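*Asks:* Predicted model, plus sequence, below.
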Amino acid sequence: MLGSMIGAVELGLLYALMAIGVYITFRILDFPDLTVDGSYTTGGAVAAIMITHGYEPWISTICAFLCGLAAGALTGLLHTKGKINGLLAGILMMIALYSINLRIMGKPNISLVNTDTLFSAISDNSWVFIPVLAVLVLLVKLLLDGFLHTDVGLALRATGDNARMIRSLGANTDTTKIIGVSLSNGLVALSGALIAQESGFADMSMGVGTIVLGLASVIIGEAIFGFRTVFQATLAAVLGSIVYRIIYALALRVEFFDASDLKMITALIVVAALVIPTVRRSMKQKALARKRTQELLVAAGSKGGQA
């Protein structure tokens, strides 16, 4: 039980960067970006192929991040300059990345077993591995928080809230959208590169369903921890990723579920995360309405007694 929970926390931290990336497009830009299913694999593919060809793991990881930035920028250009619907632009880029990733890897999967990676020295020691990952994720989170408070970051946030208004103030919303989608996919690719190194392989199918995992993490984090400020929202995405992995690990311990039920469990978790807050809000509103009705009845009764 303890081992599975530690493993869940490790995976949660590795996927946290992907969750932050999804948060940028899903919450900040309100952009339905499906590119992440492809850019996640791109990150793993670039890191794996470079490491196996003798490049330093940290250089390979940075290159994976840069390739993710490029993939996101292309999606942003298709949407803003090509005037293609955002959802369709993401789908088109995701399809294109499948062939690009296969070109990069040269084969369906690449093994990193017995190869030096960023985690070679610490992956066998969870009590060191988790703090190192936590520091890395926290550093990226704080850098993103700082960026979102710059002039460009504020323009990015304003574009998602009201693009027409920010255009009237002279801001170029096309540029901010491209920056936001690019940064999102860069973080997703970085997550893919780290997970490929931790798991010991990169595979063509590793990115399937990534967008659902990211949305689940963001929604769960917001439902539990709130999202009133940028700092709180990005922290909620990180913690939501960890909570999601813990819930998933616990669900797999139920005899009814098998390892092959991953997609169904993910769907159930997302549905619960979406429905429970709505039900809670509805119950609070009904309770307030009943309380208000009782107050009005009491006030009416007291007036009638005085008359």
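*Replies:* Sure thing, it's come through.
*Asks:* buried sites along the helix or strand Thr75 falls within?
*Replies:* Assignment of secondary structure by DSSP states H and E places Thr75 within helix 57-80. By neighbour count with 16 or more other C-beta atoms under 10 Å, helix 57-80 contains the buried residues 57, 60-65, 67-80. For glycine as for every other residue, the C-beta is placed from the backbone atoms N, C-alpha and C.
*Asks:* Stretch 135-155 now?
*Replies:* So stretch 135-155, judged by 16+ other C-beta under 10 Å, has buried residues 136-137, 140-141, 144-145, 148, 153, 155.
*Asks:* can you list contacts of it?
*Replies:* 13, 16-17, 20, 24, 28, 156-157, 166, 171, 176, 179, 183, 187, 190, 230-231, 234-235, 238 (C-beta atoms under 8 Å, 6 or more residues apart in numbering).
*Asks:* do that again at 7 Å, thanks
*Replies:* 13, 16-17, 20, 156-157, 166, 171, 176, 179, 230-231, 234-235, 238 (C-beta atoms under 7 Å, 6 or more residues apart in numbering).
*Asks:* Could you pick out the buried ones from those?
*Replies:* Buried among the contacts of stretch 135-155 (16+ other C-beta under 10 Å): 13, 16-17, 20, 156-157, 166, 171, 176, 179, 230, 234-235, 238.
*Asks:* Helices - which of those land there?
*Replies:* 13, 16-17, 20, 156-157, 166, 176, 179, 230, 234-235, 238 (DSSP state H).
*Asks:* and the two most separated of the residues you listed?
*Replies:* Leu13 and Ile166 (34.1 Å; C-beta to C-beta).
*Asks:* The one helix or strand in the chain whose mean pLDDT sits lowest: how far from the chain's middle?
*Replies:* None of the helices or strands of the chain scores lower by mean pLDDT, DSSP states H and E than helix 262-306, at a mean of 78. Centre-to-centre, helix 262-306 and its host chain are 30 Å apart (C-alpha atoms, centre = their mean, to the nearest Å).
*Asks:* repeat for stretch 9-21
*Replies:* 7 Å.
*Asks:* got a list of contacts for it?
*Replies:* 36, 40, 126, 129-130, 133-134, 137, 140-141, 144, 184-185, 187-188, 190-191, 194-195, 198, 210, 213-214, 217-218, 234, 237-238, 240-242, 244-245.
*Asks:* Check stretch 199-218 too.
*Replies:* 15, 18-19, 21-23, 26-27, 34, 36-38, 40-41, 44-45, 48, 101-102, 105, 108-113, 188, 192, 196, 237, 240-241, 244, 263, 266, 269-270, 273.
*Asks:* Let me see the mean pLDDT of it.
*Replies:* Mean per-residue pLDDT for stretch 199-218: 88.
*Asks:* please renumber so the chain begins at 491
*Replies:* Fine by me, first position is 491 from now on; the one you just mentioned is stretch 689-708.
*Asks:* Quick check: buried residues in it?
*Replies:* 689-690, 692-694, 696-697, 699-708.
*Asks:* Can you give me the end-to-end span of that stretch?
*Replies:* 23 Å (C-alpha to C-alpha, to the nearest Å).
*Asks:* all strands of the stretch 491-640 of the chain, in order?
*Replies:* 599-601 (DSSP state E, counting those that start in this stretch).
*Asks:* check contacts around Ser750.
*Replies:* Applying C-beta under 7 Å, 6+ apart, no residues qualify as near Ser750.
*Asks:* how close does it get to Ile737?
*Replies:* Using C-beta to C-beta, to the nearest Å, Ser750 is found at 18 Å from Ile737.
*Asks:* Tell me if I'm right that Gln687 and Asp606 touch.
*Replies:* No - between Gln687 and Asp606 there is no contact under C-beta atoms under 7 Å: 9.5 Å.
*Asks:* and these two? which has more neighbours close in?
*Replies:* A count of neighbours by other C-beta atoms under 10 Å puts Gln687 above the other of Gln687 and Asp606, at 27 against 12.
*Asks:* What is the neighbour count of the nearest residue to Trp548 once chain neighbours are set aside?
*Replies:* Distances taken as C-beta to C-beta, 6 or more residues apart in numbering place Leu608 nearest to Trp548, at 6.4 Å, with adjacent residues excluded. Look at Leu608: counted by other C-beta under 10 Å, it has 20 neighbours.
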